[in-house]
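okay, here's the prediction I keep looking at, along with the sequence it came from:
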Amino acid sequence: MEFNFSEDQQLLQQAVRDFLAGECTPAAVRELWETETGRSKAFWSQLAEIGVPGLLVPEDHGGLGMDERDMVLVLEEAGRAALAEPVISTAAVGVPLLVELGESGQTEFAKKWLGRVAGGEALLAVGYEQSPFVADAHVADLLLLPQGKDLHAVERGDISVTAQPSNDQSQRLFSVDWSPSEKTCVAQGTEGAALQAAAFDRGVLACAAEQLGVGQQLIDMAALYTSQRQQFGVAIGTFQAVKHRLANAKVQVEYARAVVYRAAHSAATGSAQRSADVSMAKVMAGEAALFATKEALQVHGAIGYTYEQDLHVWMKRAWSLDLAFGSGAWHRARLADAIIDGQGPANAFGYCAPGN
Amino acid sequence: MEFNFSEDQQLLQQAVRDFLAGECTPAAVRELWETETGRSKAFWSQLAEIGVPGLLVPEDHGGLGMDERDMVLVLEEAGRAALAEPVISTAAVGVPLLVELGESGQTEFAKKWLGRVAGGEALLAVGYEQSPFVADAHVADLLLLPQGKDLHAVERGDISVTAQPSNDQSQRLFSVDWSPSEKTCVAQGTEGAALQAAAFDRGVLACAAEQLGVGQQLIDMAALYTSQRQQFGVAIGTFQAVKHRLANAKVQVEYARAVVYRAAHSAATGSAQRSADVSMAKVMAGEAALFATKEALQVHGAIGYTYEQDLHVWMKRAWSLDLAFGSGAWHRARLADAIIDGQGPANAFGYCAPGN
Amino acid sequence: MDLTYTQEQENFRQEARQWLEANVPSEPLASFDTPEGFEAHRQWEHKLNSGGWAMVPWPMEYGGRGANLLEWLIFEEEYYRVGAPGRVNQNGIFLLGPTIMEYGSPEQKARFLPKMASSEEVWAQGWSEPNAGSDMANIQATAITDGDAYVINGQKTWASRGAYAHWLFGMFRTDPDSSRHHGLTFILVPLDTPGITVRPIEKINGKKAFAEVFFDNARVPLDNRLGDEGQGWSVAMATAGFERGLMLRSPSRFQNTARKLVELYRKTLAAGGFVDPSLRDRVTRCWVEAEAYTLNTYQTVSRLMAGDKIGAEASLNKIFWSELDIRMHEAALSLLGARGELRPGAPGAEGVDDWLDGFIFALAGPIYAGTNEIQRNIIAERILGMPRK
Amino acid sequence: MDLTYTQEQENFRQEARQWLEANVPSEPLASFDTPEGFEAHRQWEHKLNSGGWAMVPWPMEYGGRGANLLEWLIFEEEYYRVGAPGRVNQNGIFLLGPTIMEYGSPEQKARFLPKMASSEEVWAQGWSEPNAGSDMANIQATAITDGDAYVINGQKTWASRGAYAHWLFGMFRTDPDSSRHHGLTFILVPLDTPGITVRPIEKINGKKAFAEVFFDNARVPLDNRLGDEGQGWSVAMATAGFERGLMLRSPSRFQNTARKLVELYRKTLAAGGFVDPSLRDRVTRCWVEAEAYTLNTYQTVSRLMAGDKIGAEASLNKIFWSELDIRMHEAALSLLGARGELRPGAPGAEGVDDWLDGFIFALAGPIYAGTNEIQRNIIAERILGMPRK
């Protein structure tokens, strides 16, 4: 029983944090907002250099061969920096889906794409039945799309997209028009459904990890601002009402943390409780981030409500991440089905009441 | 359109408040707790002298001939003073039920009992289908009890009771063993059901009125205590966290107030929306009182958690009133049925959206 | 207590309804925070004024309808009922107008009120400064007498309607040696005065909503002072009092939102999509709370009409409606699911209504007009009698 | 990160489970806040000690089992699993024991620890005074040296287990001219000392839970000082640190409550009675939050076992579990409906379990061991770095 991350994992997290602190500033994010795609090839190449897109690509396909326990830390940093690039679409969801497709027979297909993704040359987008939209469809070289239980792989040339602008300019959503065919189908029936479910759950986990980072960053920004902003001759951070708002947000973020990390462990080890565990992660981290938006905004006052101030960059992440890969409400309902109607996931670790 | 109470009504309220401030002290309430019945004949006689039990008894039966708009103020004061006597059972619910029975043919029966009640010589208890228990059954001279749609009137000698001690020592609950017969039946079928429904709604309103007083009193006690209690060299009421807790409770109580008064108006005028209106009153006032218990306890700290301090006298009222005549949760569900599934009560007053 | 309308009140309602139904624009106007929307809203207010419905609660002598508070509530109900445009002239009707009626000279009344009523002149409020937000007495912008004019320097911010308004009212420090709420004077400032620069501020959704106003030796006639020199704080408090006492945030606004929310809930449920199971209860609560707000307002109005004054309990209102407004919009966005985040105009946002914009607007509620923290302090200290220090 | 147990840990669990299943009392003991219950609980703890399970986390040299923190968590899981009695000796095991191990002289260790382990002597804590609650440094009880003894005067309050305990530990002001956290000394006081009066305090449900302890020239040997004279504050802070670092409020307590709550929900629904529609979501949340508390604890334990220290983040725990505990009990009472208010023993309360008592107990959570307000200050200032003044 070991809940700590390894030294290597911590070094990875720190490296990503340092990199993003330098490169993914709010100003850089806003610059991207003004572009048509909202995505930067140059920046993606930099991310590829530090290994982000290939993190979950097996080493023999040119990746780092890591697992969700490493990825969760990278995504937390992506949230903290409000990174707008398609890390979730490509690295956290698309790649392991390709890996699983490779393992289930699509060996050459997977090999070809995994190598290109690890090298930063190709981007992926993944659709899921719970949403009518596909994120990052406009820049993806390959789209993995559901059609009933089947899973299809469609290349950029074979789709047309309609932009569905989101309140979060970092989130790029699209309706995708495409034609499923035998040629595009890469997994069928039960197998296709299982792959879809696993991909969805990885997306859920990825959002939760980003939400953790977003929540923490909102609190940090608010704590810093209120420590400096003066009213009535003192820093407003000396007021108990201000302190307690941010303390409450901090409680929520910290009690989401271990839930998110456990979900990463479940995803990485193929736990039978994976779906419940990632739902819990998104519920806890999502609500923490949403709560943090409110408290951070309130203690900032009017300045936090302006486009000029950077707070909304993260507020919008919290709002759009809540809706991605099933809203917090949807996951609460899924958990209720499991806990109340089903036998429920077992309590964490050894505990169970007598007779159970 | 006039939402103000008349001068007479305000004088009545003040008179009751003054009377209870003098006679119904926390010490007096605790003294009653130690008695077997928890009720005092002597005190009831005093209440009868100022007209409380006969408030809703028509003047030609020896009462004051007032309506729910007067009663609501008296009950608010009963809540403020944590009065334990059966004002709800007898005066607010039992009396108007007898009046209605009288109007629907049981003239002599009603006349006999109303006169005795107004004179303070008889107590009433009223059962309702939503609860397995009957409050004040042990002291009632006449019990009005439902049996399916029918309504029965049973005298003390014809029942046996089993005490069901409540956490609130002011609340005296009983299981009642009795035998319905043709002789005891006072209203049948549709008429019986309508009488039951009206009695229940009056009980709901009465609880809401008391909850209003209870919530206000909890806040007042907490504001007073925290203005005096010193820690860190200052009154703890200077701390923003303490202030804001009580301010939040005050918001809730004040926004329950007009809802309760409106419900009294609906009950008095026989509004078609009576049931929805009393449910709203109990939801708003009940939650305000429950919220006030938490905030008042927290700002009192450990002392508020002791039997010696009087705070719990009101906390227990808030808890038991929430459960009487349908819990707040039950009323929220009833409102959801009306607002969401049904056509809903109309919005208050003139407003409605175009096309409605 | 009699919660029914008199025949007179019913007649007033019918009169308002008929005029509004006949005259309300058939299409929604563009936002009054755009140049064309501002102009369209002015035109609408002008039309309102021609019909005698612009300044409903103003006394007739100043071009109003002389309606009492209850009639005002009825008018507002009808105004929301037909979905009439937001009031670009709000600062004039509710804040400055009544203040001028009380503190203005006859010349000022004649000069300002008619053009306010006709919306020929639209007013911005200039309460806040960068260092005077919650701490409103910390005003630093100065107005120093020089001959027949005040020379104004400094900055105001969060001036609502500031981007396109013609005039601004606010407090300025006329005694440079003074501090806090002393030495302040209430001044009416034409925004085309040389030395004044207006810079719009965008909300988080990129829409202009406020302005910063910079004063660089802007000369304003001494006659533009409202009330006595150095008495600005009292005048401003009266202005804030008018806001609280007279206009009362319209219950119909929240009843309207609550009703739309119930409809959205029914529609979403009927469409068979995912509905958060907790929403049934939350939507019901929102509806009930909008009722509670309405009932509270009617009760307050009855009290005020009986001669009472509104005081610190205005702080209760502010907290209640601002937090309710957010809860209602959150519930609606949850019902909209994935479509809830689409910007107006997105192809998938058809029929989504303005819930997202409404949510962003609602978020400002707990901040503006005195943060809810300040309101809670007021409740604790002035209503509950808790110690200040 | 590997969230599975080692074989050794599984073995430890089985060992604990077997012993507990064989030895746990078949009937619940009376409350340890009654004289007979106190005695019954002491007997149980004595039995625990005979089996080597009384002081699981204590080092073996002091009569403990030398278990690490993970084993401690496992033991607690098993302890809750069988529904074993509450720990009347809690103050000794978790607070004073470790403090004596760190600050005690060899003689003190020999004198106090074995009798603590066997529950021959049960300890009350004497942190609070009437004027030293949240403001813990405002201690006024004095202990003045007179020959070979401290002469103690003053009052302690909220002494948990105080009504029947044999000893009390706490801070006393040995330097009468000192103030705040200076001049305090940590002293171990036999409660049968002449001049000491113990007065039990009842909780709001009338059950005894704490005591006031009055000192009237009570003479206690100087040897009963723990740590140096005047260093009481540091010793006490270490004691509080042990509470936070070592014992960690057992996750199994809350998992157990959450599981019972889910069962109550299912049962109530199956019985066809009224169920608040909002409860489905609320019960689910409670269950998830109990999981979150467990996961957080395991993470913290991993961190501590890797050599880290627990600091201000203990304040996060306090807020989270205390508020969760209340929410869980509120949900249960709501499910019980009319029966939820019945006192234990009422004829209609059969099968209602101890939810009402649990609720009353839970209400104290946000108050004791430092109010949640104090905890929020700590989080803001020490974790978020917000300014103190």
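Looks like it came in fine. These figures come from a predicted structure and were not determined experimentally.

quick one: the helices in the chain, in order.
If you meant another chain, say so; for now it's chain A. For chain A, the helices identified by DSSP state H occupy A:7-23, A:26-33, A:41-49, A:68-80, A:95-103, A:107-118, A:189-228, A:240-269, A:274-300, A:311-323, A:328-336, in order along the chain.

my bad, the chain I had in mind was chain C
Assigned by DSSP H, the helices in chain C fall at C:7-23, C:35-50, C:69-81, C:90, C:97-103, C:106-117, C:232-242, C:251-271, C:279-305, C:314-336, C:355-363, C:372-378.

can you tell me the average pLDDT over the helix or strand that comes right after the third one?
Remark: after helix C:69-81, the chain's next helix or strand is helix C:90, criterion DSSP states H and E. Helix C:90 shows a mean pLDDT of 89 in the predicted model.

got the contact list for helix C:90?
Judged by Cβ atoms under 8 Å, 6 or more residues apart in numbering or on different chains, the contacts made with helix C:90 from elsewhere in the structure are C:R161. Where C-beta positions appear, they are placed from N, C-alpha and C, glycine not excepted.

what is the distance between that helix and the centre of its chain?
Mean C-alpha position of helix C:90 versus that of the full chain (Cα atoms, centre = their mean, to the nearest Å) differs by 6 Å.

kindly report the same for stretch A:237-251.
The answer for stretch A:237-251 is 27 Å, by Cα atoms, centre = their mean.

and it with chain C, contact?
Yes: if you take Cβ under 8 Å from any Cβ of the partner chain as the test, stretch A:237-251 does meet chain C, through A:239, A:241-242.

show the contacting residues for the closest residue to chain C within the stretch 1-150 of chain A.
The nearest approach of the stretch 1-150 of chain A to chain C comes at A:S131, 5.0 Å away (Cβ to the nearest Cβ). Shown here is A:S131, whose contacts under the criterion Cβ under 8 Å, 6+ apart are A:324-325, C:338.

quick one: name the residues of the stretch 201-350 of chain C near chain B.
The stretch 201-350 of chain C has residues C:251-252, C:255-256, C:258-260, C:262, C:265-266, C:280-281, C:283-285, C:287-296, C:298-299, C:301-303, C:306, C:313, C:316, C:319-320 near chain B, with proximity defined as Cβ under 8 Å from any Cβ.

now the buried members of those residues.
Those of these that meet the buried threshold are C:251-252, C:255-256, C:258-260, C:262, C:265, C:280-281, C:283-285, C:287-296, C:298-299, C:301-303, C:313, C:316, C:319-320, by 16 or more other Cβ atoms under 10 Å in any protein chain shown.

count of residues packed around C:G311?
By other Cβ atoms under 10 Å in any protein chain shown, the residues close to C:G311 number 13.

show me the domain layout of chain C.
For chain C, the structural domains run C:7-88, C:123-231, C:249-383, going by automatic domain parsing.

so how far is the first residue of the longest one from its last?
Right, the one you point to is domain C:249-383. The first and last residues of domain C:249-383 sit 21 Å apart, counting by Cα to Cα, to the nearest Å.

up against chain D, what does the stretch 1-150 of chain A have?
Residues of the stretch 1-150 of chain A lying close to chain D by Cβ under 8 Å from any Cβ are A:1-6, A:9, A:69.

pretty sure C:W19 is touching C:G51, no?
Yes: shown here, C:W19 and C:G51 form a contact pair, counting by Cβ atoms under 8 Å, at 5.3 Å.

centroid residue for chain C?
Closest to where the C-alpha atoms of chain C average out (Cα atoms, centre = their mean) is C:Q90, at 5.7 Å.

quick check: that residue vs chain A, distance?
In this structure, C:Q90 lies at 18 Å from chain A, with Cβ to the nearest Cβ, to the nearest Å as the measure.

which ones are touching A:L114?
When contacts are counted by Cβ under 8 Å, 6+ apart, A:L114 is found next to A:54, A:57-58, A:61-63, A:95, A:98-99, A:102.

in TSV: those, plus pLDDT and neighbour count.
Below are the contacts of A:L114 laid out as TSV (pLDDT from 0 to 100; neighbours: other Cβ atoms under 10 Å in any protein chain shown):
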residue	pLDDT	neighbour count
A:G54	97	26
A:V57	98	26
A:P58	97	19
A:H61	95	21
A:G62	95	16
A:G63	97	22
A:V95	98	28
A:L98	98	28
A:V99	98	17
A:G102	97	19
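
now, the most widely separated pair of those residues?
A:G54 and A:G102 (14.3 Å; Cβ to Cβ).

closest residue of the stretch 251-356 of chain A to chain D?
Per Cβ to the nearest Cβ, the residue of the stretch 251-356 of chain A with the smallest distance to chain D is A:A258, at 3.7 Å.

excluding its backbone neighbours, what's nearest that residue?
Setting aside the residues directly before and after it, A:A258 is nearest to D:L295 in space (Cβ to Cβ, 6 or more residues apart in numbering or on different chains), at 3.7 Å.

wait, that neighbour sits on A:A263?
No: with contact defined as Cβ under 8 Å, D:L295 and A:A263 do not form a contacting pair (9.6 Å).

let's have the helices of chain A in JSON lines, adding distance to B:V299.
What follows is those, written out as JSON lines (distance: least, Cβ to Cβ, whole Å):
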{"stretch": "helix A:7-23", "distance to B:V299": "41"}
{"stretch": "helix A:26-33", "distance to B:V299": "40"}
{"stretch": "helix A:41-49", "distance to B:V299": "51"}
{"stretch": "helix A:68-80", "distance to B:V299": "36"}
{"stretch": "helix A:95-103", "distance to B:V299": "52"}
{"stretch": "helix A:107-118", "distance to B:V299": "58"}
{"stretch": "helix A:189-228", "distance to B:V299": "24"}
{"stretch": "helix A:240-269", "distance to B:V299": "13"}
{"stretch": "helix A:274-300", "distance to B:V299": "21"}
{"stretch": "helix A:311-323", "distance to B:V299": "32"}
{"stretch": "helix A:328-336", "distance to B:V299": "32"}
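
with distance to B:S320 added, can I get the residues of stretch A:237-251 next to chain C in a markdown table?
Conversion of these to a markdown table gives the following (distance: Cβ to Cβ, whole Å):
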| residue | distance to B:S320 |
| --- | --- |
| A:F239 | 38 |
| A:A241 | 33 |
| A:V242 | 38 |
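
make a PyMOL selection of the buried ones in these.
The command below creates a PyMOL selection of those among the residues of stretch A:237-251 next to chain C that count as buried (16+ other Cβ under 10 Å):
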select buried, chain A and resi 239+241+242
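
which one of the residues of stretch A:237-251 next to chain C is nearest to A:Q106?
Comparing the residues of stretch A:237-251 next to chain C against A:Q106 with Cβ to Cβ places A:V242 closest, at 54.9 Å.

which ones are touching the closest one?
Taking Cβ under 8 Å, 6+ apart, one finds A:226, A:236, A:299, C:373, D:386 in contact with A:V242.

hang on, the earlier thing: now the contacts of A:S131: which count as buried?
Under a neighbour-count criterion of 16+ other Cβ under 10 Å, the subset of the contacts of A:S131 counted as buried comprises A:324-325, C:338.

run through those and flag the ones next to chain D.
Those of the buried ones among the contacts of A:S131 which are also neighbours of chain D - as judged by Cβ under 8 Å from any Cβ - do not exist.

okay then, goodbye and thanks.
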